[in-house]
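> predicted model, plus sequence, below.
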Amino acid sequence: MESKDYDRAVAATGLDRTTLLTYAHVARHVLPSMRNEVLSWEHHKSVASLKPLDQQHWLSIAGQKHKEGSPISTRR
């Protein structure tokens, strides 16, 4: 997206530019086929900088832990 597109998005959503840039980064780097609907957006943000195979590995582990009733926190 160009700068003017982000300006319009800020005006339309009320979100700040940094938040929108982060959303776009995660959306571009975590493919829809890799996403897990039971996990939070923060989980996906945490793996966005990893290679796809590593993303799959960690999202799978987090999803399994969630199903077992012991979810993995994204807090450090």
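Cool, got the structure.

> so where do the helices sit in the chain?
3-13, 17-29, 41-47, 52-67 (DSSP state H).

> among the ones you listed, which is nearest Arg75?
helix 41-47 (8.5 Å; Cβ to Cβ). Backbone N, C-alpha and C define where each C-beta goes, glycine included.

> counting contacts, what elements does that closest one pack onto?
helix 17-29, helix 52-67 (3 or more Cβ pairs under 8 Å, 6 or more residues apart in numbering; DSSP states H and E).

> and the angle for the worst-scoring helix or strand of the chain on mean pLDDT with helix 17-29?
Of all helical and strand segments in the chain, the minimum by mean pLDDT, DSSP states H and E falls on helix 3-13, at a mean of 93. Angle between the axes of helix 3-13 and helix 17-29 is 110 degrees (criterion: axes from the mean of the first three to the mean of the last three Cα atoms, to 10 degrees).

> ok now helix 3-13, how far from the chain's centre?
20 Å (Cα atoms, centre = their mean, to the nearest Å).

> ok, and what's touching that helix?
Here helix 3-13 makes contact (Cβ atoms under 8 Å, 6 or more residues apart in numbering) with 1, 15-17, 20-21.
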